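Q: Give me a 3D structure for the following:
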Amino acid sequence: MANFTCFTALTKTHGRIFSLGLGDGGHLSWGHRELRSNISQVSKYFEVMHYETTDGVIDYEKFAKLAQKFRPKIIITGGQNYPRVVNWKTIRKVCDKINAYMIADISNIAGLISSGLIEGPF
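A: Sure, this is the predicted structure:
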């Protein structure tokens, strides 16, 4: 519910959200859609497009191209189910370039960030 609340604060109904797909390490609360059915509440209220991984790693060049083409209002990323370190700086640059909000869902990795074991989005 926290992510949905953030989305509604930052964009209108049917606003565009760019998120890591569920099968690639994203989270259901970031929006999920099957071929003909919106599975999550987020996908029912917003237009969601997913970026994917190649061999389990985000291809940041492909990510940037898709974001440029889709022009979302929000890009959400984080360490929910993605077992790699996120390149926050690259995602931030893409957000700045297309004037999108960046949401870093770090609920599962906040301890690692606060202890300094991994870099955070701040």
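Q: neighbours of residue 39, just the number please.
A: Residues lying near residue 39 (other C-beta atoms under 10 Å) number 13. Using the backbone N, CA and C atoms, a C-beta is placed for each residue, glycine as well.
Q: OK, contacts around the closest residue to it other than its chain neighbours?
A: With C-beta to C-beta, 6 or more residues apart in numbering as the measure, residue 32 is the residue that lies nearest to residue 39, at 4.4 Å, once sequence neighbours are left out. In this structure, residue 32 makes contact with 21, 22, 26, 38, 39, 40, 42, 43, 48, judged by C-beta atoms under 8 Å, 6 or more residues apart in numbering.
Q: Please report how far residue 32 lies from residue 11.
A: Here residue 32 is placed at a distance of 18 Å from residue 11 (C-beta to C-beta, to the nearest Å).
Q: Can you give me every residue that contacts residue 13?
A: With C-beta under 8 Å, 6+ apart, residue 13 has these contacts: 45, 46.
Q: Which pLDDT value goes with the one residue sitting closest to the centre of the chain?
A: The structure's the chain has its C-alpha centroid closest to residue 76; by C-alpha atoms, centre = their mean the separation is 2.4 Å. Residue-level confidence at residue 76 comes out at 93, pLDDT.
Q: Quick check, it in contact with residue 42.
A: No. With contact defined as C-beta atoms under 8 Å, residue 76 and residue 42 do not form a contacting pair (9.5 Å).
Q: Quickly list what's touching both of the two.
A: Contacts common to residue 76 and residue 42, judged by C-beta under 8 Å, 6+ apart, are 3, 17, 30.
Q: Name the residues that touch the helix or strand of the chain with the lowest mean pLDDT?
A: Counting by mean pLDDT, DSSP states H and E, the weakest-scoring helix or strand in the chain turns out to be helix 41-45, with a mean of 83. With contacts defined as C-beta under 8 Å, 6+ apart, helix 41-45 is touched by 3-4, 7-8, 13-14, 17, 29-33, 38, 48.
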